[in-house]
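Colleague: test case, fold it:
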Amino acid sequence: MLSAFEQLLGGYAADADAAAEPIALVVGTSGSTGTPKRTALTARALAASAAATERFFGSNSDGASQWLLALPAHYIAGAQVLARSVLAGTAPVIARSVIEPVHFSPEVFLQAVEHMSSARRFISLVPTQLHKLLESADADPHLGAEIHEALGSFTGILLGGAPASTDLLAAATALGLNTVTTYGSAETAGGCVYSGSVLPGVRVELVPEEGMPAVPDTGGEPAQVGRIWISGAHLASGYIGDAARTAEHFFSAADGTRWYRTDDYGLLSPAAAPDSNKNCSEQRLQVLGRSDDVLISGGVKISARAVATVLEEHPAVREACVVGLPDARWGTAIAAAVTLVSSALAPSAAGNGMSPALTEELCTLLRARCAEKLGAPAAPKQLSILPDFPLTSTGKPDRAEIYSILDRDYRQG
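Modeller: Okay, the predicted model is just below:
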């Protein structure tokens, strides 16, 4: 697996004509929104992204960086672990869940960590994986001590693929973990914004559009808001077999600069304090949500991400997913699925671990929170409590399957 990447990146020439470069890797998206794509990447793009990550973390006396591969290598987060390993000149440790038919678990994670040899170590996870590790640690004090020690040994724990909830980040911070939230995609050869900081070699611009969500009050200098556009050597070449989609998302400016038009809205503001990492931009990017996450219910524009954030702020909620369902009266009905933290569950015959009375009480409370913070139209018309979210092969919530569950519950309700 690693040798293939060594050959792939070994043939990369820094002074090559980017337009004439052959495709080195085709990455399929997870299809969590129901629209899988095949994204074409050159060796130049992969190398540029890997180098930006290395520059973000800098260098010290702990030796070369070593990575733990805990995500499938045929998706960009896993592929970048291999690319970064080639750049660092180290062999990654590969978790059994990547190469064997077993699920990622605390035991699989701890076994992999035992094989790491460098003091300077990194791992890329989706939030669901870190949730699983921390919940397992809370449930078993002995195992928890091992998990906390192992997680604490990492120089950087990169979280991406889906938004990390406020509670998850707070729990990680309380443990002193070096977590870094990442923003990026296959189209950007991986993460290009780390914890709000735009990586070196990456340029971000925001283009205002009609129908954007409301701009949060930053309490400081005016911030820019708009659709996120990204430029840099790390950009993909386009989509295999889909010229129309390529033309919709990739553009070349008059000066030859290539741009990728994302499906996300963002807010760009000056950093509240000087960034200690001099390699990064002094601007901070906050992702407000996908352009297709702006739902119109009863004529009111509502950010699905904002609703999910309010739901996840409740201490009983582990994660939330919000979608819009067709509705004759409202046009679009706000619907939400949530999973609960283990401490909120009580033994019962109910599928979600709660009695029907407690389930109804919690749903009423969550709807009231949304109405209070975002306005009455944002309160979910359908709120389903699930034992766990269905996941894609990369461990991200399967939004298409969650949509089907919510649609079924709404029609039956």
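Colleague: only C-alpha atoms for contact and neighbour calcs from this point on.
Modeller: Fine.
Colleague: next, give phi and psi for residue 133.
Modeller: Dihedral pair for residue 133: phi -60, psi -50, per degrees, to the nearest 10.
Colleague: quick check: domain ranges of the chain?
Modeller: The chain resolves into domains spanning 2-290, 298-412 when parsed by automatic domain parsing.
Colleague: any idea how far residue 310 is from residue 339?
Modeller: As judged by CA to CA, to the nearest Å, residue 310 and residue 339 stand 14 Å apart.
Colleague: isn't residue 24 up against residue 47?
Modeller: No: counting by CA atoms under 8 Å, residue 24 sits too far from residue 47 to count as a contact (11.1 Å).
Colleague: the more surrounded of those two?
Modeller: Counted by other CA atoms under 10 Å, residue 24 and residue 47 do not tie: residue 47 has more neighbours, with 23 against 17.
Colleague: contacts only, for that one.
Modeller: Listed by CA atoms under 8 Å, 6 or more residues apart in numbering, the contact partners of residue 47 are 9, 83, 84, 87, 234.
Colleague: next secondary structure element downstream of the strand or helix carrying it?
Modeller: Of the helices and strands defined by DSSP states H and E, residue 47 is found in helix 43-57. Sequence order places strand 66-69 as the next helix or strand after helix 43-57, per DSSP H and E.
Colleague: pLDDT of that next one, averaged?
Modeller: Strand 66-69 comes out with an average pLDDT of 98.
Colleague: name the helices or strands packed onto the very next helix or strand once past that strand?
Modeller: As assigned by DSSP H and E, the chain's next helix or strand after strand 66-69 is helix 76-88. Here helix 76-88 touches helix 2-10, helix 43-57, strand 66-69, strand 121-125, strand 190-194, going by 3 or more CA pairs under 8 Å, 6 or more residues apart in numbering; DSSP states H and E.
Colleague: run the angle between the longest one and helix 76-88 for me.
Modeller: Comparing the axes of helix 43-57 and helix 76-88 via axes from the mean of the first three to the mean of the last three CA atoms, to 10 degrees yields an angle of 80 degrees.
Colleague: now helix 43-57, how far from the centre of its chain.
Modeller: 18 Å (CA atoms, centre = their mean, to the nearest Å).
Colleague: ok, now the third one?
Modeller: Relative to its parent chain, strand 66-69 has a centroid offset of 18 Å by CA atoms, centre = their mean.
Colleague: same check, this time on the fourth one
Modeller: Centre-to-centre, strand 121-125 and its host chain are 14 Å apart (CA atoms, centre = their mean).
Colleague: got it, and the last one?
Modeller: Once both centres are worked out by CA atoms, centre = their mean, strand 190-194 turns out to sit 10 Å from its chain's centre.
Colleague: name the next helix or strand downstream of it, please.
Modeller: From strand 190-194, the next helix or strand downstream (DSSP H and E) is strand 197-198.
Colleague: which strands and helices sit next to that next one?
Modeller: strand 283-290.
Colleague: which strands and helices sit next to the strand it packs on?
Modeller: Right, strand 283-290 is packed against strand 197-198, strand 258-270, helix 304-312 by 3+ CA pairs under 8 Å, 6+ apart.
Colleague: change it to 7 Å
Modeller: strand 197-198, strand 258-270 (3 or more CA pairs under 7 Å, 6 or more residues apart in numbering; DSSP states H and E).
Colleague: and the contacts of it?
Modeller: 196, 197, 263, 264, 265, 266, 267, 268, 269, 270, 271, 305 (CA atoms under 7 Å, 6 or more residues apart in numbering).
Colleague: quick one, grab the pLDDT at the residue nearest to the fifth one when sequence neighbours are not counted.
Modeller: Spelled out, that is residue 265. Ranked by CA to CA, 6 or more residues apart in numbering and with sequence neighbours excluded, the top spatial neighbour of residue 265 is residue 227, at 4.3 Å. Residue 227 is assigned a predicted lDDT (pLDDT) of 93.
Colleague: doesn't residue 227 fall inside a strand?
Modeller: Yes: according to DSSP: H, G, I helix; E, B strand; the rest coil, the state of residue 227 is that of a strand.
Colleague: these two touch, right, it and residue 260?
Modeller: No: between residue 227 and residue 260 there is no contact under CA atoms under 7 Å: 10.8 Å.
Colleague: helices of the stretch 251-400 of the chain, residue ranges please.
Modeller: Secondary structure of the stretch 251-400 of the chain (DSSP state H, counting those that start in this stretch): helices at 304-312, 356-374, 399-412.
Colleague: buried stuff in the second one?
Modeller: This means helix 356-374. 359, 362, 363, 366, 367, 368, 369, 370, 371, 374 (16 or more other CA atoms under 10 Å).
Colleague: any low-confidence regions in the stretch 1-150 of the chain?
Modeller: Within the stretch 1-150 of the chain, the segments meeting pLDDT under 70 span 1, 5, 8, 10-20, 30-35, 61-62.
Colleague: and the pLDDT for the residue sitting furthest away from the middle of the chain?
Modeller: Distance from the C-alpha centroid of the chain peaks at residue 357, with 34.1 Å (CA atoms, centre = their mean). Reported pLDDT at residue 357 in the predicted model: 76.
Colleague: could you check how far it is from residue 387?
Modeller: Residue 357 is 17 Å from residue 387, by CA to CA.
Colleague: how about residues contacting stretch 86-105?
Modeller: Against stretch 86-105 from outside (CA under 7 Å, 6+ apart): 6, 64-72, 85, 108-109, 112, 115-116.
Colleague: try 8 Å this time
Modeller: By CA under 8 Å, 6+ apart, stretch 86-105 touches 2, 5-6, 9, 47, 50-51, 64-73, 81-82, 85, 108-109, 111-113, 115-116, 129, 132-133.
Colleague: what subset of those is buried?
Modeller: 2, 5-6, 9, 47, 50-51, 64-73, 81-82, 85, 109, 112-113, 116, 129, 133.
Colleague: related to what we said a few turns ago, so which of the helices and strands packed on helix 76-88 gets nearest residue 393?
Modeller: Of all the helices and strands packed on helix 76-88, strand 121-125 sits nearest to residue 393, with 13.0 Å by CA to CA.
Colleague: what about the residue lying closest to residue 144 once chain neighbours are set aside, how many residues nearby?
Modeller: Distances taken as CA to CA, 6+ apart place residue 137 nearest to residue 144, at 3.5 Å, with adjacent residues excluded. If you count neighbours by other CA under 10 Å, residue 137 ends up with 18.
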